[in-house]
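**Student:** Next come a sequence and a model predicted from it.
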Amino acid sequence: MPKLSITKFTQILTERNLISHEDLNKAMLKHEEEGISLEEALVESSLIEKNKLMQIKAECLNLEYVDLLNKTDYEEYARIVPESMCRRYQLICINKIKQRLILAMENPLDVFAIDDVRLRIGCAVEPVLSYGGDIKKAIIKVYGESSWQDLISKVEEEKVSVVKDEGKEEIAVVIDAPLIKLVDQIIAQAVERKASDIHIEPFERDLKVRYRIDGIMNEVMSLSMELQPAITSRIKIMASLNITEKRLPQDGRIMLRVGNRDIDLRVSVIPTISGEDVVLRILDRKSVLINFEQIGFPPDIEAKFKQQIKRTTGVILVTGPTGSGKSSTLYAMLNTLNSITKKIVTIEDPVEYYLHGINQVQTNSKVGLTFAVGLRAFFRQDPDIMMVGEIRDVETAKVAIEAALTGHLVLSTLHTNDAPGAVTRLIEMDIEPFLVASSINCVLAQRLVRKICPYCKIAIDPYPEILKVFDEFGISNSNINLAKGTGCSQCNNSGYKGRMGLFELMVMSPEIEKLVLKRATAGELSEVAKSQGLKTLKEDGLIKVTQGVTTLEEVLRVTYT
């Protein structure tokens, strides 16, 4: 394998007129001052395209170049080489052919690294060249931001302090300071990466920490199982839970201040065969959406929906599976309706965000405070608008409809796949069709899709297969502007950043009311609603694809039934 000096490499670049001497000097200065490789200095300064640069280097070394950003099938092989070795030598295993490992390396001439891996794993090693920045991203993708040893010793960038609820006694339990730093940093990092949930999951050999970011689970670190009892105890202490109870599920709440942000954590602990599984739902008080535009309402649906929520009586339902953004839509409705001239009461499980001017009640099954009990109590509170977090049973459904028929506007959610399905679901719950027809104002079905990252977004040409999909829904080819994300540090190399909603609105028209009275199927209701202008979830998604906001793969992922 030939050796390649920086002088020879830069000489080749200038001889081929790929870079000027002046730009090369700037890159060399950046390389020396920042301690990064010359390749990274050239690419980060936008002086030469990454793949072209690496192809030339691979040609000089007589090696293969592998673009890790366009390679997605290496993760099953990556963990063959220990994390510590990957970080130390800046390499990642991308394949195993019989007893030969294929290593993507920033410096494939590092014989010490090659020998170390060969002796440690007991396999022959074949190095290939990859861009250093891509290797770093690959290591983060597989192992997380850093190993837990580094995380413990790292000075906290964010200060996390527990806010004690008044009236609750502090439990005296001694836990090592490094462990406390680790838990605090796991939470701070999740907030920084805009995760919605933290999962701390015990398995037979290790403890996995995963974040749910934009609806997708991402493993960020793998810890020793020896840390599991202490980490779980630390979280239980923060949530004022019973640290000695390991046989039953427990739920709690933690109020935190991360930097200058007030964060609520909903804690759920359940026993598994490997230990206690902990999930923390992150509720950022500043992130509650305040209008429909922020959650992706198309202008036509937004206009119709606002007309419905201005009505003084009736039921407005938001439907979709868990994690489809129903609560965000409810809070957007409440923010729109909130006024000094109206009395608004809610019963929720749990109260996710506090809204000034609205009376919010949290269910408490231990004392019998259910959705139905709370709704009945609201009648004596003289409200104008009631919100019930979810219609889960017949009793809650009947009370909600009774409230609507007695002059109140009721907002709630239901678990159905589409808008017409909510009507048939209520009838299946033994609600009389005439009550459903006379009380329901509209049903909004929704899903959440990931948005294309604006930092690495590029335009792409539509291919024949995708054009056929648009043709089926009558979308003109002339209006298609497709895009995708190539992956960058801003989006954790996923190509997506943030989420938005897909919506399907069915308004209860006289024609649909007649079908409801006849106990029509969801399919029959859907056909009539479509003839009256209803756009399905998939149609709304395809329109957003043509606008370059999301991808077809995302839309099909969440609308596939």
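**Tutor:** Arrived safely, thanks for sending.
**Student:** Tally up the residues packed near residue 473, please.
**Tutor:** 12 (other C-beta atoms under 10 Å). C-betas here are computed from N, CA, C, even on glycine.
**Student:** residues touching it, list them.
**Tutor:** By C-beta atoms under 8 Å, 6 or more residues apart in numbering, residue 473 lies in contact with 538, 539, 542.
**Student:** Am I right that the last one sits in a strand?
**Tutor:** No. Secondary structure of residue 542 (DSSP: H, G, I helix; E, B strand; the rest coil): helix, not part of a strand.
**Student:** out of everything not next to it in sequence, what's closest to residue 114?
**Tutor:** In space, residue 114 comes closest to residue 125 once its chain neighbours are excluded; the distance is 5.0 Å by C-beta to C-beta, 6 or more residues apart in numbering.
**Student:** part of a strand, is that neighbour?
**Tutor:** Yes. Assessed with three-state DSSP, residue 125 lies in a strand.
**Student:** ok, now how distant is it from residue 84?
**Tutor:** Residue 125 is 17 Å from residue 84, where distance means C-beta to C-beta, to the nearest Å.
**Student:** of those two, who's got more company?
**Tutor:** Neighbour count, other C-beta under 10 Å: between residue 125 and residue 84, residue 125 has more, with 21 against 11.
**Student:** Can you tell me which of the contacts of residue 473 is nearest residue 71?
**Tutor:** For the contacts of residue 473, the minimum distance to residue 71 (C-beta to C-beta) is 29.1 Å, reached by residue 542.
**Student:** Relative to residue 116, how far out is the closest one?
**Tutor:** Separation of residue 542 from residue 116 (C-beta to C-beta): 51 Å.
**Student:** More neighbours: which of those two?
**Tutor:** Taking neighbours as other C-beta under 10 Å, residue 542 and residue 116 compare with residue 542 leading, 25 against 16.
**Student:** so that one touches residue 555, yeah?
**Tutor:** Yes. The criterion here is C-beta atoms under 8 Å, and residue 542 meets it with residue 555 at 6.3 Å.
**Student:** Mind naming the longest helix for the protein?
**Tutor:** Longest helix of the chain, by residue count under DSSP state H: helix 177-192.
**Student:** Report how many residues lie close to residue 458.
**Tutor:** Other residues close to residue 458 by other C-beta under 10 Å number 12.
**Student:** same check, this time on residue 471
**Tutor:** 11.
**Student:** Contacts only, for it.
**Tutor:** Counted by C-beta under 8 Å, 6+ apart, residue 471 has contacts residue 477.
**Student:** How about residue 293: what's its closest non-neighbour residue?
**Tutor:** residue 302 (7.3 Å).
**Student:** Give me the phi and psi angles of the one you found.
**Tutor:** phi -60, psi -40 (degrees, to the nearest 10).
**Student:** Partner strands of the strand or helix carrying residue 264, with direction?
**Tutor:** Secondary structure assignment for residue 264, by DSSP states H and E: strand 261-272. In the sheet, strand 261-272 lines up against strand 250-258 (antiparallel), strand 275-284 (antiparallel) (DSSP bridges).
**Student:** Find the one among these with the highest mean neighbour count.
**Tutor:** strand 275-284 (a mean of 20; mean count of other C-beta atoms under 10 Å).
**Student:** Tell me what angle that strand forms with helix 177-192.
**Tutor:** 50 degrees (axes from the mean of the first three to the mean of the last three C-alpha atoms, to 10 degrees).
**Student:** what mean pLDDT would you report for strand 275-284?
**Tutor:** Taken as a whole, strand 275-284 has an average pLDDT of 91.
**Student:** Touching it from outside, list them.
**Tutor:** Contacts for strand 275-284 (C-beta under 8 Å, 6+ apart): 187, 190-191, 195-202, 207, 225, 228-229, 231-232, 235, 246, 254, 261-271, 352-353.
**Student:** By average pLDDT, which secondary structure element in the chain comes out worst?
**Tutor:** helix 148-153 (a mean of 50; mean pLDDT, DSSP states H and E).
**Student:** mind listing what the nearest residue to residue 350 once chain neighbours are set aside touches?
**Tutor:** Spatial nearest neighbour of residue 350, excluding adjacent residues (C-beta to C-beta, 6+ apart): residue 362 at 5.6 Å. The contact partners of residue 362, by C-beta under 8 Å, 6+ apart, come to 347, 348, 349, 350, 351.
**Student:** from these, which would you call buried?
**Tutor:** By neighbour count, with 16 or more other C-beta atoms under 10 Å, the contacts of residue 362 hold 347, 348, 349, 351 as buried.
**Student:** Let me know whether the first one touches residue 364 as I believe.
**Tutor:** Same thing as residue 347. No. If you go by C-beta under 8 Å, residue 347 and residue 364 don't touch, sitting 10.3 Å apart.
**Student:** Can I get the strands paired with strand 261-272 in a markdown table including distance to residue 130?
**Tutor:** Formatted as a markdown table, the strands paired with strand 261-272 follow (distance: least, C-beta to C-beta, whole Å):
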| stretch | distance to residue 130 |
| --- | --- |
| strand 250-258 | 35 |
| strand 275-284 | 34 |
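**Student:** and of those strands, who's closest to residue 91?
**Tutor:** Of all those, it is strand 275-284 that lies closest to residue 91, at 32.6 Å by C-beta to C-beta.
**Student:** what sits against the nearest residue to residue 85 once chain neighbours are set aside?
**Tutor:** Nearest residue to residue 85 in three dimensions, chain neighbours excluded: residue 117, at 6.2 Å (C-beta to C-beta, 6+ apart). Residues in contact with residue 117 (C-beta under 8 Å, 6+ apart) are 81, 85, 89, 91, 101, 103, 125.
**Student:** how close does residue 117 get to residue 126?
**Tutor:** 11 Å.
**Student:** Quick check: neighbours shared by those two?
**Tutor:** Both residue 117 and residue 126 are contacted by 101, 103, under the criterion C-beta under 8 Å, 6+ apart.
**Student:** quick revisit: which two of the contacts of residue 362 lie the greatest distance from each other?
**Tutor:** 347 and 350 (10.7 Å).
**Student:** residues shared between the contacts of those two?
**Tutor:** Common neighbours of residue 347 and residue 350 (C-beta under 8 Å, 6+ apart) are 362, 363.
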